[in-house]
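[1] I would like to see how this sequence folds:
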Amino acid sequence: MTIKDLGGFTSAGELLGRSQPAISLQIKKLETLLNTQIFLRGSSLELTEDGEYLYGAAKQLLEINDRVISRMGGDSVSGKVRLGIPNDFELAFLPKALRNLTRTYPNIMVEVDCDISKSIYQRFQKNLYDICLVMEPEKENESRDGRDYRLDQLVWVMNHEGLVEESTLPLVTYPQGCIYRAMLESRLEQIARPYRVAYTSPSLLGILSAVEEGLGLTAMASSVVPSHFTAAKETAQLPALGAVSIGLYYREHELSVATRHVLDFLRAGLANLAPPSMLGGR
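    Alright, predicted model coming up:
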């Protein structure tokens, strides 16, 4: 199921904490056991007819497993977990992750706080959160567990293409301190492209509403761009913005049982964010 959901053996291995060869070997053993081919090997990883049947059956089996765990063991796990998360991700994957968590562990309470990444990380350092998710510039040397972060391209987002032709580029941004804003302004200044901050909002809905009304362009991680917006192509007037690291921070030695369960669901949500190829556009 994980291979199908994530679209590849390597990404499935990263989520499951196993190497790509180990995942491939498991599939080969399963195919031998069932005397059938599960995946079509080619340019794209697709399920065979038997594979589609097996996928549906596996999904039912795992749902039964979740209900059993919830009934027999999930209720015994309880606790409060404090989570800080950037505004953009409160819609991208958090509701689904928390819904899945609540179904399996109904007595784990998650307190969620949304803000810009800089503020979230500062509060984490003051021990105000058990786990936080933050966006940062791509690091040259990343030492974290591969399940705890992913790299994503920062892309221009707009609702009216004519904005690009304006002599002074209108921007819709979060307040000062937001990584999006810092990277936007830095790149535009590097190419001497005139710009103005036309609209500032601390909320995701405020940003999206302003962009939808054509007040300006903004920037977002490609995996969280709403499908009805245009992810603009890079041009001389709209330079490449670079990559951001979207990652989890926590204190390993302080993790409670409840916090570890929340961490597992957040890792799954992070791994399942839509890849750039799934972006909508006009």
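[2] Using the record's assignment, carve this structure into domains.
    2-72, 76-146+246-275, 153-243 (automatic domain parsing).
[3] which residues in the stretch 1-150 of the chain form helices?
    2-6, 9-16, 20-34, 49-72, 89-92, 94-104, 117-125 (DSSP state H, counting those that start in this stretch).
[4] buried sites along the fifth one?
    Going back to what we said before, that points to helix 89-92. Residues of helix 89-92 classed as buried: 89, 90, 92 (neighbour count, 16 or more other Cβ atoms under 10 Å). C-beta: built from backbone N, CA, C; applies to glycine.
[5] Mind putting those residues into a markdown table with pLDDT and distance to residue 215?
    Listed next are these as a markdown table, based on pLDDT from 0 to 100; distance: Cβ to Cβ, whole Å:
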| residue | pLDDT | distance to residue 215 |
| --- | --- | --- |
| 89 | 82 | 23 |
| 90 | 75 | 22 |
| 92 | 71 | 22 |
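[6] Now flag whichever of those residues is closest to residue 177.
    Within those, the smallest distance to residue 177 is 16.9 Å, found for residue 89 (Cβ to Cβ).
[7] That closest one contacts residue 133, correct?
    Yes: Residue 89 lies in contact with residue 133 (Cβ atoms under 8 Å); the separation is 6.2 Å.
[8] joint contacts of these two?
    Shared contacts of residue 89 and residue 133 (Cβ atoms under 8 Å, 6 or more residues apart in numbering): residue 246.
[9] Touching stretch 241-248 from outside, list them.
    Contacts to stretch 241-248, defined as Cβ under 8 Å, 6+ apart, come from residues 89, 131-139, 142, 144, 148-156, 179, 183-184, 187, 219, 221, 223, 263, 266-267, 270, 273.
[10] CA atoms only: put it into CSV for me.
    Written as CSV, here are the backbone C-alpha positions of stretch 241-248 (Å, rounded to 0.1, in the frame of the first residue of the first chain):
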residue,chain,number,x,y,z
LEU,A,241,13.3,30.9,-5.7
GLY,A,242,15.2,27.8,-4.6
ALA,A,243,14.3,24.9,-2.3
VAL,A,244,13.0,24.9,1.3
SER,A,245,13.4,22.2,3.9
ILE,A,246,10.1,21.2,5.6
GLY,A,247,11.0,19.3,8.7
LEU,A,248,10.1,18.1,12.1
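[11] Return the distance of it from the chain's centre.
    The chain centre lies 10 Å from the centre of stretch 241-248; the measure is Cα atoms, centre = their mean, to the nearest Å.
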